[in-house]
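# sequence first, then the predicted structure, then my questions.
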Amino acid sequence: MDDPIAILLQKTATQDRAAFRELYSASSSKLMGVLLRILSQRAEAEDALQEVYTRVWLKAGRYDATKGRGMTWLISLSRNLAIDRLRQRSDHVSDDDAMEAHADPAPRAETRLIATGEARRINDCFATLEPDRAAALRGAYLAGLSYTDLATKFDVPLNTMRTWLRRSLLRLKECMGS
Amino acid sequence: MTDQPILPPDEDDDLLAAEYVLGLLDREERALVEARLRRDATLMLRVEDWEERLSGLNDDYAEVAAPNLMPQIEARLFPQAPVARRSLFGNLWAWGSAATAAVALVAYLALTPAAPSYTAILTADAGGLKYEATISQDTLTLTRVSGTDADPTHSYELWVIAGDNPPVSLGVVPGNAQTITRPGLAEGQTLAITLEQSGGSPDGKPHGPIVAAGKLIAA
């Protein structure tokens, strides 16, 4: 299997602590990047990183290598945890700050150049969408922006944003070959 | 042309899965989806499909050097330090060891109009072991919702882990329901059940595998 992270996850599921440490070395920089992008605050991202790996140890047995790559599973787990934390912040001001902190939802040229096959495919499909809707979808995925955040950012009514993005998601799915 | 597309229920669910994966939903909507995911395998498959479909965007996340937090993580999971004296309660029920490999935990917040409260649902993937913990003010009520019975050589033991502190035993889990008065249970703490020798850990430290664990999330 050409997926070292998947192998480490499977070993971790058997309570192999050495593999668990190796998994941390191999994946923590990427997951830190995910958590910091969504949470914006270093201290909270580090706290979340501890929670991520605690959950990874407890849930590694649920990883199924036939369903996807190990890193994809780890990033999904990290994004879910970070988005849950973001939504729990009662203070709306900090959400606005967070939005300011990652205001670059547009695709970056250098990212496209080194993109993997999967990334190329989704970037091609994003290119078929209206640019502002593609930017909104990217902002949601990468930075954890909600419909409410995006409606504010793009200065449109909430329902309009919802309709835009739901239509865009249907087109995206079709483009990706469902 | 209508503003809201009318969608068949299937397609609506698929879009809901996409919205959940993207992170578009607000807190209440996310909680509803997460509650459904616990029992709706079809919705779970849709979520996994969207995670895979959107995974090409993961290249956009830059790597950021992380400090070595393994010592703290291991201290949470594999505590070595002595812990506060364990309070055994109830009789020593012998509980069966079901499955220990795959453990899922879902903790969610229950909002009640009266006092603030938390609810954690502790489940194991195999064996059907399932507990529900409810904390209201200083009282924790642990209820066994489903699960297999009894192998007389083991006991389940409940622990609370606060931050980086070692686990503190809340005693052997006796029977189908238990109420414990325990001040200080709060958001961010982890409840865990381990499989210990019959009668519980002899020295106040967990030795057996964790069979269910989860974090309390507060309003």
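Structure's in. What do you need? Numbers count the residues shown, from 1 in each chain, chains lettered A, B, ... in the order given.
# CA only for contacts and neighbour counts going forward, please
Noted.
# domain ranges for chain B?
Using automatic domain parsing, the domain parsing of chain B gives B:9-59, B:83-215.
# output the lowest mean pLDDT helix or strand found in the chain.
Picking chain A for this. helix A:109-113 (a mean of 42; mean pLDDT, DSSP states H and E).
# hmm, I had chain B in mind actually
Every helix and strand of chain B was ranked by mean pLDDT, DSSP H and E. The lowest is strand B:103-108, at a mean of 36.
# past that one, which element shows up next along the chain?
Counting by DSSP states H and E, the next helix or strand C-terminal to strand B:103-108 is strand B:117-124.
# that following strand vs chain A: in contact?
No: Strand B:117-124 stays out of contact with chain A when judged by Cα under 8 Å from any Cα of the partner chain, the minimum separation being 10.0 Å.
# so what are the sheet partners of the helix or strand following that strand and their directions?
Downstream of strand B:117-124, the first helix or strand assigned by DSSP H and E is strand B:130-136. With DSSP bridges as the test, strand B:130-136 is paired with strand B:117-124 (antiparallel), strand B:139-146 (antiparallel).
# coming back round to it: between the domains of chain B, which gets the lowest average pLDDT?
Looking at these, the lowest mean pLDDT belongs to domain B:83-215 (a mean of 66).
# tell me the domain ranges of chain A?
According to automatic domain parsing, the domains of chain A span A:1-88, A:91-178.
# what ranges does chain A have for its helices?
Ranges of helices in chain A, per DSSP state H, are A:4-13, A:17-39, A:42-59, A:70-88, A:92-101, A:109-113, A:117-127, A:131-143, A:147-154, A:158-175.
# could I get these as a markdown table with mean neighbour count and distance to chain B?
Output for the helices of chain A, formatted as a markdown table (neighbours: other Cα atoms under 10 Å in any protein chain shown; distance: least, Cα to the nearest Cα, whole Å):
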| stretch | mean neighbour count | distance to chain B |
| --- | --- | --- |
| helix A:4-13 | 21 | 7 |
| helix A:17-39 | 21 | 4 |
| helix A:42-59 | 20 | 6 |
| helix A:70-88 | 21 | 5 |
| helix A:92-101 | 14 | 12 |
| helix A:109-113 | 12 | 7 |
| helix A:117-127 | 17 | 4 |
| helix A:131-143 | 22 | 5 |
| helix A:147-154 | 18 | 5 |
| helix A:158-175 | 17 | 6 |
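# wait, which of these is closest to residue B:213?
Residue B:213 lies closest to helix A:42-59 among these, at 7.8 Å (Cα to Cα).
# so which elements touch that closest one?
Counting contacts by 3 or more Cα pairs under 8 Å, 6 or more residues apart in numbering or on different chains; DSSP states H and E, helix A:42-59 is packed against helix A:4-13, helix A:17-39, helix A:70-88, helix B:70-77, strand B:103-108.
# so which of those is nearest residue B:27?
Ranking the helices and strands packed on helix A:42-59 by distance to residue B:27, with Cα to Cα as the measure, places helix A:70-88 first at 5.4 Å.
# redo the helices and strands packed on helix A:42-59 as JSON lines? Include distance to residue A:63.
What follows is the helices and strands packed on helix A:42-59, written out as JSON lines (distance: least, Cα to Cα, whole Å):
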{"stretch": "helix A:4-13", "distance to residue A:63": "7"}
{"stretch": "helix A:17-39", "distance to residue A:63": "14"}
{"stretch": "helix A:70-88", "distance to residue A:63": "7"}
{"stretch": "helix B:70-77", "distance to residue A:63": "19"}
{"stretch": "strand B:103-108", "distance to residue A:63": "11"}
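# can you tell which of those is closest to residue B:200?
Nearest to residue B:200 among the helices and strands packed on helix A:42-59 is helix B:70-77; the distance by Cα to Cα comes to 18.1 Å.
# for that closest one, list every residue counted as buried.
B:70, B:72-74, B:76-77 (16 or more other Cα atoms under 10 Å in any protein chain shown).
# dump the domains of chain A to TSV, plus distance to residue B:193.
Listed next are those as TSV, based on distance: least, Cα to Cα, whole Å:
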stretch	distance to residue B:193
domain A:1-88	12
domain A:91-178	32
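# which stretch in those is the model least sure about?
With a mean of 78, domain A:91-178 has the lowest mean pLDDT of those.
# and residue 41, how many neighbours?
Unless you meant another one, I'm taking chain A. Neighbour count of residue A:41, defined by other Cα atoms under 10 Å in any protein chain shown: 13.
# other chain: chain B
Per other Cα under 10 Å, the neighbour tally for residue B:41 reads 11.
# do you know how far it is from chain A?
Distance of residue B:41 to chain A, computed by Cα to the nearest Cα, to the nearest Å: 14 Å.
# residue B:173 now?
Per Cα to the nearest Cα, residue B:173 is found 20 Å from chain A.
# which residues are in contact with that residue?
With contact taken as Cα atoms under 8 Å, 6 or more residues apart in numbering or on different chains, residue B:173 is in contact with B:93, B:155-158.
# skipping adjacent residues, who's closest to residue A:122 in space?
Spatial nearest neighbour of residue A:122, excluding adjacent residues (Cα to Cα, 6 or more residues apart in numbering or on different chains): residue B:56 at 6.0 Å.
# what's the neighbour count on that neighbour?
19.
# which SS class is it?
Three-state assignment for residue B:56 (DSSP: H, G, I helix; E, B strand; the rest coil): helix.
# which ones are touching it?
Residues near residue B:56 by Cα under 8 Å, 6+ apart: A:116-123.
# nearest spatial neighbour of residue A:34, skipping sequence neighbours?
residue B:61 is the one closest to residue A:34 (Cα to Cα, 6+ apart), at 5.8 Å.
# thought that neighbour was touching residue A:33?
Yes: assessed by Cα atoms under 8 Å, residue B:61 is found in contact with residue A:33 at 5.9 Å.
# how about residue B:190, phi and psi?
Dihedral pair for residue B:190: phi -110, psi 130, per degrees, to the nearest 10.
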